[in-house]
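A.B. asks: Make a model of this:
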Amino acid sequence: MLNRAQLPDNIDELQALLSAQWAEVSTLKSAHDQLLDEAELLKLERDALKLTASDHQQEIQRLTLLLDMLKRKLFGQKSEKLNRQIDQLELALEALHISQGERIPAQQVEAEVKPPRTAPQRRPLPEHLPRETQTHLPTGNLCPDCGLSLASAKALGEDVSEVLEYVPASFRVIRHVRPRLACACGNCIAQAPAPSRPIARSFAGAGLLAHIMVAKYGDHLPLYRQQQMYAREGVDLSDSTLGDWVGACHQLLRPLIDALHAHVFSAEKLHTDDTPIAVLAPGTGKTRQARLWTYVRDDRPSGDREAPAVWFRYSPDRKPVFGLSVEYTR
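C.D. replies: Next comes the predicted model:
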């Protein structure tokens, strides 16, 4: 604002000054109107995002309830069609969770937005995992206000946050060194015996063999995919080598498999079912139907104290195992 002493005496200068002031007021008014329009647009976008998030949350709840219902129906029966429906619902539920996560901004929510009353609590990270502490000190060694050294500064506490990290598995070579020691008498040479290996004349360690077997049979990871994963680590293992190792592990586990088979088939009552699987027929370019058999003994509801167990067997057809006559109930 201008006082009367600052106003010019000339009428033309006064008109020019008033015109400039009016133009400035008009500009400020236009900027104010533009800010109001942008604020209204942001409010509409925020309401739309809230509505979309609410719809997605309701869809997640619906799919979760439907998934729980299908799993309850699956209890006590085996239905491949029901399994496929559950898999599809789990994929849809996973896609919704990913979509909801993409809408969450990287920064914190604005202060004026109050958190929901029933906000889910984050579960603590597992206590059995090893902890690695990284201490982050202020940049520089001087106080930003007074310039004194921070070496003599007093600690007022600390803020601690935990991040779940994944360290990829790594290969390593373990060298077994067996020194030959000659006795001072000159008549004896002592040396420790060579450590045993899971597979004779093979450089595969027990940990590597266990990892390959779990990845193949527990995680359904074929050997050629494992070969590609190992090649990215600079370890070249051929398909034939991996196949030989898996076959040798089968022989190592044969006593356990036979003991499990004997325990399962010694029961007075067996629960069995077969699952059809499509298998490639070499030379024909087609597939044929094989079977994966499951034999379960579990008489705990009848008061039996024997340990329950399950035995699996693959067969290229539907013939009974070891001459058993099996009655099928659906």
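
A.B. asks: what ranges do the helices span in the stretch 201-330 of the chain?
C.D. replies: Under the criterion DSSP state H, counting those that start in this stretch, the stretch 201-330 of the chain contains helices at 206-213, 223-232, 239-265.

A.B. asks: What segments of the stretch 51-200 of the chain are strands?
C.D. replies: 181-182, 189-190 (DSSP state E, counting those that start in this stretch).

A.B. asks: What helices and strands are in contact with the last one?
C.D. replies: To tie it back to what came earlier, the one meant is strand 189-190. Counting contacts by 3 or more Cβ pairs under 8 Å, 6 or more residues apart in numbering; DSSP states H and E, strand 189-190 packs against strand 181-182. All C-beta spots, glycine's among them, are computed from the backbone N, C-alpha and C.

A.B. asks: So in that sheet, which strands flank the strand it packs on, and in what orientation?
C.D. replies: Paired with strand 181-182 in the same sheet, following DSSP bridges, are strand 189-190 (antiparallel).

A.B. asks: hmm, who's touching the partner strand?
C.D. replies: Strand 189-190 is touched from outside by 180-183, with contacts defined as Cβ atoms under 8 Å, 6 or more residues apart in numbering.

A.B. asks: can you tell me which of the helices of the stretch 201-330 of the chain comes nearest to residue 14?
C.D. replies: Nearest to residue 14 among these is helix 223-232 (80.4 Å), distances taken as Cβ to Cβ.

A.B. asks: List the buried residues for the closest one?
C.D. replies: Neighbour counts over helix 223-232 (16 or more other Cβ atoms under 10 Å) mark 223, 226-227, 230 as buried.

A.B. asks: Count the residues that sit near residue 200.
C.D. replies: Using other Cβ atoms under 10 Å, residue 200 has 7 other residues around it.

A.B. asks: Got phi/psi on it?
C.D. replies: Backbone geometry at residue 200, expressed as degrees, to the nearest 10, gives phi -60, psi 140.

A.B. asks: Next, find the distance separating it from residue 56.
C.D. replies: For residue 200, the distance to residue 56 equals 58 Å [Cβ to Cβ, to the nearest Å].

A.B. asks: need the contacts of strand 189-190 in CSV with neighbour count, can you?
C.D. replies: Listed next are those as CSV, based on neighbours: other Cβ atoms under 10 Å:
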residue, neighbour count
180, 8
181, 10
182, 10
183, 9
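
A.B. asks: Of those residues, which is the nearest to residue 172?
C.D. replies: Out of the contacts of strand 189-190, the member with the shortest distance to residue 172 (by Cβ to Cβ) is residue 180, at 25.7 Å.
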